[in-house]
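In: Okay, predicted coordinates and the sequence, questions at the end:
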Amino acid sequence: MNWSKLTYQQKNKVLTIGYVVFLFLVYQLAISKCWELYSQNATLEEKLVTAKDSYQNKEELEKRQEKLNHHISSFFVDSLKHQEYLLETISTYCHQHQLLIKDIPPVTEYREDDFEVGTHRMVIEGSFIPLLKLVYLLEQKNKSGRVSSVCFSSKYDTKRKKEVLSLILYIQNIQVYANEKES
C-alpha cells in the first residue's frame, strides 16, 4: 500500500483506524495499569486508616482495661485474715467513738469459677456523724473492700427508752482461687 496513491478519504479511514488501534494499545499498556494501581492505592490507604484506628482503639481499650483492673484490684482479698482485719478496724473505731456493734452475722459467700465474692453485713448503732465517718473510713481511707450498701434507720428502743440510729453496712470482697490441678 502506497500512501501517496491513496485518496484523501482513504487516508482519513486509515488514520482513524490507526488512531483507534493506538488508543487501544495506550489503554492496554499504560492507562489500565495506572487505573489498577490507583485502585490498589485507594484500597491500601483505607486499610491503613482502619489499621491506625484499630491500633488507637486497642491502646484505648488497654488503658481502660488497666484502669478497670486497678479499680477492681482494690476489692481483691488474698488472705483469710482479711475478716479479722476488718473486724479489728471497725471495733477499734467503734470503741474510740462510742458506737455499739449490734450484729455481725457470718460472711455470705458466692463462688463462681475462680472467684468468690464475700459479703460482710454489720449493724452498728450510734450517732449520725460518727457512723458517717465510719462509712467514709471504710470506703475511702481503709479500702478494706467495696462498701456496696449503707442503710441508716432510726427506731425507738424500749429498753433504753430513747430513739436509736442504726447503720446497716454491707462490704464486699473478691477472692481469687488458682485452678486446682489434678494430681
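Out: Here it is on my side, so go on.
In: contacts and neighbour counts: CA atoms only from here.
Out: OK.
In: ok, now how distant is Val49 from Tyr38?
Out: Applying Cα to Cα, to the nearest Å, the value for Val49 to Tyr38 is 17 Å.
In: do the same with Lys141
Out: 62 Å.
In: swap in Gln96?
Out: Distance, Gln96 to Tyr38, by Cα to Cα: 79 Å.
In: Following the chain past the helix or strand containing Lys133, name the next helix or strand.
Out: Using DSSP states H and E, Lys133 sits in helix 128-136. Sequence order places strand 146-157 as the next helix or strand after helix 128-136, per DSSP H and E.
In: So which elements touch that following strand?
Out: Applying 3 or more Cα pairs under 8 Å, 6 or more residues apart in numbering; DSSP states H and E, one finds that strand 146-157 contacts strand 162-176.
In: Residues contacting the strand it packs on, please?
Out: 75-78, 114-128, 131, 145-157 (Cα atoms under 8 Å, 6 or more residues apart in numbering).
In: got the buried residues for that strand?
Out: Leu165, Ser166, Leu167, Ile168, Leu169, Tyr170, Ile171, Gln172, Asn173, Ile174, Gln175 (16 or more other Cα atoms under 10 Å).
In: Note down every partner strand of it and its orientation.
Out: Strand 162-176 has its sheet partners listed here by DSSP bridges as strand 76-77 (parallel), strand 115-125 (antiparallel), strand 146-157 (antiparallel).
In: Fine by me, thanks again.
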